[in-house]
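Colleague: any chance you could fold what I've pasted below:
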Amino acid sequence: MTRRHMEVGTGLALALIGAVTLYGSLENGIGWTEIGPAAGYFPFRIGLLIVVLGLAIAVRYALIGRQRRPARLAAADPAHPTEAVAAFDARFFEPGSFGRILVLFVPTAIAAALIPSLGLYLASVLFLVFSMWKLGQVPVWKGLLISVAVMVAFYLIFEFWFQVPLEKGVVLPLLGLE
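Modeller: Predicted structure coming up:
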């Protein structure tokens with residue numbers, strides 16, 4: 001898999017997200033009502049922009065850097081393709097890099113899976129402690145102290161200042177933090 005494949009795939013994925021946004025906004029109406037724009041008016045336009053930009057990214061990276069070798073060189077060396085290898089055609093994952101990605105992705109996925117039961121705050125504390133300990137090589141006690149302080153700050157900011165309740169799972173309500 002090359003960087004070109006990843007760029008084209010990212011552009012297509014972005015266009016798909018835009019298409020889903022378009023579809024959802026059509027269900028809410030995209031026109032103008034007596035009181036102003038319908039609920040899907042602005043999301044439709046944003047979705048359309050995302051589709052166009054996603055397709056532009058995909059097309060751009062599909063075509064960028066593709067240079068044809070002169071026919072005489074291609075005929076003299078038939079074992080090689082007629083297109084020169086561009087920077088976007090280099091391997092995307094170098095040896096060992098996929099493992100480094102998984103070291104961060106797996107704990108993130110586990111923390112996300114724990115949010116419904118533990119809540120955002122406790123799952124985030126566990127994720128931060130593990131990440132600081134394993135990836136940052138910070139002592140566990142220091143990671144625990146920092147992550148608890150950060151999550152207490154998040155709790156105060158979101159619950160009291162913004163008054164936006166975040167997922168608390170089943171544990172925090174048992175402790176009286178609803």
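
Colleague: do you know how far Leu175 is from Gly143?
Modeller: Leu175 sits 22 Å away from Gly143 when distances are taken as CB to CB, to the nearest Å. For the C-beta atoms, the positions are set from N, CA and C on the backbone; glycine is no exception.

Colleague: got it, and Tyr61?
Modeller: Distance check for Tyr61 against Gly143: by CB to CB, it reads 39 Å.

Colleague: what's around the residue nearest to Gly136 when sequence neighbours are not counted, how many residues?
Modeller: Nearest non-adjacent residue to Gly136, counting by CB to CB, 6 or more residues apart in numbering: Gly143, 7.6 Å away. By other CB atoms under 10 Å, the residues close to Gly143 number 20.

Colleague: Phe42 too?
Modeller: 12.

Colleague: what's the helix or strand for it?
Modeller: For Phe42, the host element (DSSP states H and E) is helix 41-63.

Colleague: and that helix, what does it pack onto?
Modeller: Under the contact definition 3 or more CB pairs under 8 Å, 6 or more residues apart in numbering; DSSP states H and E, helix 41-63 sits against helix 3-28.

Colleague: the helix or strand bottoming out on mean pLDDT in the chain: what's the following helix or strand?
Modeller: Every helix and strand in the chain was compared by mean pLDDT, DSSP states H and E; the lowest is helix 71-76, with a mean of 53. Tracing the chain C-terminally past helix 71-76 and defining elements by DSSP H and E, one meets helix 97-134 next.

Colleague: and that following helix, how far out from the chain middle?
Modeller: Helix 97-134 has its average C-alpha position 15 Å from the chain's average C-alpha position, going by CA atoms, centre = their mean, to the nearest Å.

Colleague: which strands and helices lie in contact with it?
Modeller: If you count contacts as 3+ CB pairs under 8 Å, 6+ apart, helix 97-134 packs onto helix 140-155, helix 171-174.

Colleague: how about it: buried residues?
Modeller: Of the residues in helix 97-134, those buried under the neighbour-count criterion (16 or more other CB atoms under 10 Å) are 107, 111, 114-115, 118-133.

Colleague: just checking, the residue nearest to Gly136 touches Leu128?
Modeller: Yes. Gly143 is within contact range of Leu128, at 6.7 Å (criterion: CB atoms under 8 Å).

Colleague: mind putting the helices and strands packed on helix 97-134 in JSON lines, mean pLDDT and distance to Leu14 included?
Modeller: As requested, the helices and strands packed on helix 97-134 are arranged in JSON lines below (pLDDT from 0 to 100; distance: least, CB to CB, whole Å):
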{"stretch": "helix 140-155", "mean pLDDT": "96", "distance to Leu14": "29"}
{"stretch": "helix 171-174", "mean pLDDT": "81", "distance to Leu14": "36"}
